[in-house]
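In: Mind folding the following:
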Amino acid sequence: MKKHLFTALLLLAAAGFSEARETLPHESAAAETLRFTPATAPEIRFVGRAARSDDGALSFDWSGSYFSFRFEGTRCAMRAADSKRNYYNVFVDGKPHGKVTAEGPAKTIVLAEGLPHGVHTVLVQKRTEGEQGRTTLFAVGSDGPLLEAPQAPGRHIEFIGDSHTCGYGTEGKSPKEPFTPETENCDLAWGCIIARYFDADYTLIAHSGQGIVRNWGDEKEVSDCTMRERMMRTFDMEETPLWDFAQYRPDIVVIKLGSNDFSEGVAPSEEAFNASYAQALRQIRAAYGDVPVLCVAPAENTTVYGYLQTFLREQQDPALHCTVMTPGITDWGNDMGANFHPNHRGHRKLASAIIPYIATITGWEMPEKVVY
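Out: Residues are numbered from 1 along each chain as shown. Predicted structure coming up:
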């Protein structure tokens, strides 16, 4: 099997990402020597949900959106703007290379420089979620020619979830540490870990604090907008435009929701919970047909698993599956990052609990040796 670009990343990612930088004013002449290619060019492979503009730009905000390209040279950059501030992981030739920031008006942001002259593969991944802003990628620049885009792995998993899927607080050093966007890194979270394990593309349709029927701390049993609505969108933070589901079709959809539904306040009834889940399932079926759907109950609430068992019996859908991250799979010390959310160690455990189910459902082999 061809190794996916991410295969070896997590072993190195635990060491953290150094800060890359944007082009400074006195470097503008050097930036102008780069050859820039519009973001929508075929040499640039984008994975995720994005709006395309007539001038060749891509706008996106979902956590985990990523693009990759190959070039011959020593230096590359991206031309991007952001409505707020977002952080990006940069990987060069399958290894973590740095972390860059997209913020404010369009600017040239150096992704890598001083590389050995030759052919390099670069992947740039949005590590922060939609609440942190929307990025517009205008172009990719390099000091040598862009080559044919990296090959797709041929598999695709879509994850629908909440803060755990976003990688909220994964780089935090203590569970008592407050959350900051700087410590959010989806690449260290369970969804990306699973995608790497199976050498698969992925999309993360996730938003912290969201449920399937009720969001964190909502006084109402049924929230006005949850992931059942957000999953239909092109942008996490905007109701329109709706996403064109013909753009890609995943091999499996994995839903992990329910933690926020049972946060403090009015807990949803089984009827309300399953009705909202049924709406989400109808939307998935309308979008992707009979793709397998795996519903994952969170470890901290066994009630959700009971609700989902009833839901499966009601639906009588042969492509609908259910499992649970059993209580006690992670501890509240070494496995926690910021604000009592799992760190990389904790997320590896969560991913390990789900991997066998995905392998059985899809028929994909489980590698004998793999780097998480």
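In: Tell me how many other residues crowd residue 291.
Out: Neighbourhood size, residue 291 [other C-beta atoms under 10 Å]: 17. For every residue, glycine as well, the C-beta is placed using N, CA and C.
In: Residue 122 now?
Out: Residue 122: 24 neighbours (other C-beta under 10 Å).
In: How about the secondary structure of it?
Out: Under DSSP: H, G, I helix; E, B strand; the rest coil, residue 122 falls in the strand class.
In: residue ranges for the strands of this protein, please.
Out: Here the chain has its strands, by DSSP state E, at 35-38, 45-47, 51-52, 58-60, 66-73, 76-92, 95-112, 118-126, 135-142, 156-161, 201-206, 252-256, 293-297, 320-324.
In: From the contact counts, what lies against the longest one?
Out: This means strand 95-112. Counting by 3 or more C-beta pairs under 8 Å, 6 or more residues apart in numbering; DSSP states H and E, the packing neighbours recorded for strand 95-112 are helix 9-13, strand 76-92, strand 118-126, strand 135-142.
In: Can you check what angle separates the second one from strand 95-112?
Out: Yep, that's strand 76-92 we're talking about. Between strand 76-92 and strand 95-112, the angle comes out at 170 degrees (axes from the mean of the first three to the mean of the last three C-alpha atoms, to 10 degrees).
In: In CSV, please show the C-alpha coordinates belonging to strand 76-92.
Out: Provided in CSV are the C-alpha atoms of strand 76-92 (Å, rounded to 0.1, in the frame of the first residue of the first chain):
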residue,chain,number,x,y,z
CYS,A,76,7.6,27.9,-0.7
ALA,A,77,4.8,30.1,0.6
MET,A,78,1.1,30.7,0.5
ARG,A,79,-0.8,33.9,-0.2
ALA,A,80,-3.7,34.0,2.2
ALA,A,81,-6.1,36.2,4.2
ASP,A,82,-8.1,35.4,7.3
SER,A,83,-11.2,36.9,8.8
LYS,A,84,-9.7,36.4,12.3
ARG,A,85,-6.7,34.3,13.2
ASN,A,86,-6.1,30.7,12.4
TYR,A,87,-3.1,28.4,12.9
TYR,A,88,-1.8,25.9,10.4
ASN,A,89,0.5,22.8,10.6
VAL,A,90,3.0,22.6,7.8
PHE,A,91,4.5,19.2,6.8
VAL,A,92,7.4,18.8,4.4
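In: List the buried residues of stretch 210-220.
Out: Using 16 or more other C-beta atoms under 10 Å as the test for burial, stretch 210-220 gives 210-216, 218.
In: and of these, the nearest to residue 364?
Out: Among the buried residues of stretch 210-220, residue 212 lies closest to residue 364 (C-beta to C-beta), at 26.3 Å.
In: Next, work out how far apart residue 307 and residue 135 are.
Out: In this view, residue 307 and residue 135 are 36 Å apart by C-beta to C-beta, to the nearest Å.
In: Correction: the previous question concerned residue 65.
Out: From residue 65 to residue 135 the distance is 8 Å (C-beta to C-beta).
In: what is in contact with these two at once?
Out: residue 126 (C-beta atoms under 8 Å, 6 or more residues apart in numbering).
In: picking up where we left off before, reformat the strands of the chain as JSON lines; add distance to residue 262 and mean pLDDT.
Out: Formatted as JSON lines, the strands of the chain follow (distance: least, C-beta to C-beta, whole Å; pLDDT from 0 to 100):
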{"stretch": "strand 35-38", "distance to residue 262": "46", "mean pLDDT": "97"}
{"stretch": "strand 45-47", "distance to residue 262": "32", "mean pLDDT": "98"}
{"stretch": "strand 51-52", "distance to residue 262": "34", "mean pLDDT": "98"}
{"stretch": "strand 58-60", "distance to residue 262": "31", "mean pLDDT": "98"}
{"stretch": "strand 66-73", "distance to residue 262": "32", "mean pLDDT": "98"}
{"stretch": "strand 76-92", "distance to residue 262": "30", "mean pLDDT": "98"}
{"stretch": "strand 95-112", "distance to residue 262": "34", "mean pLDDT": "97"}
{"stretch": "strand 118-126", "distance to residue 262": "29", "mean pLDDT": "98"}
{"stretch": "strand 135-142", "distance to residue 262": "33", "mean pLDDT": "98"}
{"stretch": "strand 156-161", "distance to residue 262": "15", "mean pLDDT": "98"}
{"stretch": "strand 201-206", "distance to residue 262": "18", "mean pLDDT": "98"}
{"stretch": "strand 252-256", "distance to residue 262": "14", "mean pLDDT": "98"}
{"stretch": "strand 293-297", "distance to residue 262": "11", "mean pLDDT": "98"}
{"stretch": "strand 320-324", "distance to residue 262": "14", "mean pLDDT": "97"}
